[in-house]
Every structure is written in C-alpha cells, then in structure tokens.
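Visitor: 3D model of this:
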Amino acid sequence: MTRQRIKSFDELKDGDKIISPIDNEVTGFRIDKYDGEKYLTSENGAFPIFQFDANDFYIYDGTKKIGEVDKEYFG
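Guide: Predicted structure coming up:
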C-alpha cells in the first residue's frame, strides 16, 4: 500500500488525520473557525503548524484515534 505524503498543510481540510513515521502518533489537523489559524492537535493540546514540516507527515487512513500510536501503519 502506498502512503500519501503531505506536500503542504494547505492540501488538508479541517478534521483530517495525519501521521508521522517519526513517532507514529495519529495527529489531527484543525482550522480555527474564528481566525482561520491552522493547528496540529494531539490528545492533550493544539500546536500552530509553523512548528512543523508538512513533508514529515502522511495522510492517515487507519483506525486509531487522535493521540494514539499506530506502530503497524508504516510496517
């Protein structure tokens, strides 16, 4: 199965799930409905996307929830 690497966070929509092979944690992508700011979310917080490189992430189409680790996804 081919994984779809993200080239830019602009290609994502609010609520998409993504994953990085660095930590295998499922991460959420959110767009603030008031100011349009974009964030990556974990189970316990939200982090502005300027802190991250989109090339480190892939679209996640597995069954885990945001904040869970999916060690088999890249296996």
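
Visitor: please count neighbours and contacts with C-alpha atoms only from this point.
Guide: Noted.

Visitor: quick check, central residue of the protein?
Guide: By Cα atoms, centre = their mean, the chain has its centre lying nearest to Ile18, at 2.9 Å.

Visitor: test my guess that that one contacts Tyr58.
Guide: Yes. Look at Ile18 against Tyr58 with Cα atoms under 8 Å: they come within range, at 5.5 Å.

Visitor: contact partners for the residue nearest to the centre of the chain?
Guide: By Cα atoms under 8 Å, 6 or more residues apart in numbering, the contact set of Ile18 is Val26, Thr27, Gly28, Phe29, Phe57, Tyr58, Ile59, Tyr60.

Visitor: how about the nearest residue to the last one, chain neighbours excluded?
Guide: Closest residue to Tyr60 in three dimensions, ignoring its sequence neighbours and counting by Cα to Cα, 6 or more residues apart in numbering: Ile18, at 4.5 Å.

Visitor: and the one you found, what's its pLDDT?
Guide: Turning to Ile18, the model gives it a pLDDT of 98.

Visitor: give me the three-state assignment for it.
Guide: strand (DSSP: H, G, I helix; E, B strand; the rest coil).

Visitor: which parts of stretch 23-36 are buried?
Guide: Buried residues in stretch 23-36, counted by 16 or more other Cα atoms under 10 Å: Asn24, Glu25, Val26, Thr27, Gly28, Phe29, Arg30, Ile31.

Visitor: measure it end to end?
Guide: With Cα to Cα, to the nearest Å as the measure, the first residue of stretch 23-36 is 27 Å from its last.

Visitor: hmm, who's touching that stretch?
Guide: 12-20, 37-42, 60, 64-71, 73.

Visitor: beyond the longest strand anywhere in the chain, next helix or strand please.
Guide: For the chain, the strand that runs over the most residues, judged by DSSP state E, is strand 26-31. Following strand 26-31 in sequence order, the next helix or strand is strand 38-41 (DSSP states H and E).

Visitor: what helices or strands is whichever helix or strand comes after that next one leaning on?
Guide: For strand 38-41, the following helix or strand on the C-terminal side (DSSP H and E) is strand 46-48. Here strand 46-48 touches strand 38-41, going by 3 or more Cα pairs under 8 Å, 6 or more residues apart in numbering; DSSP states H and E.
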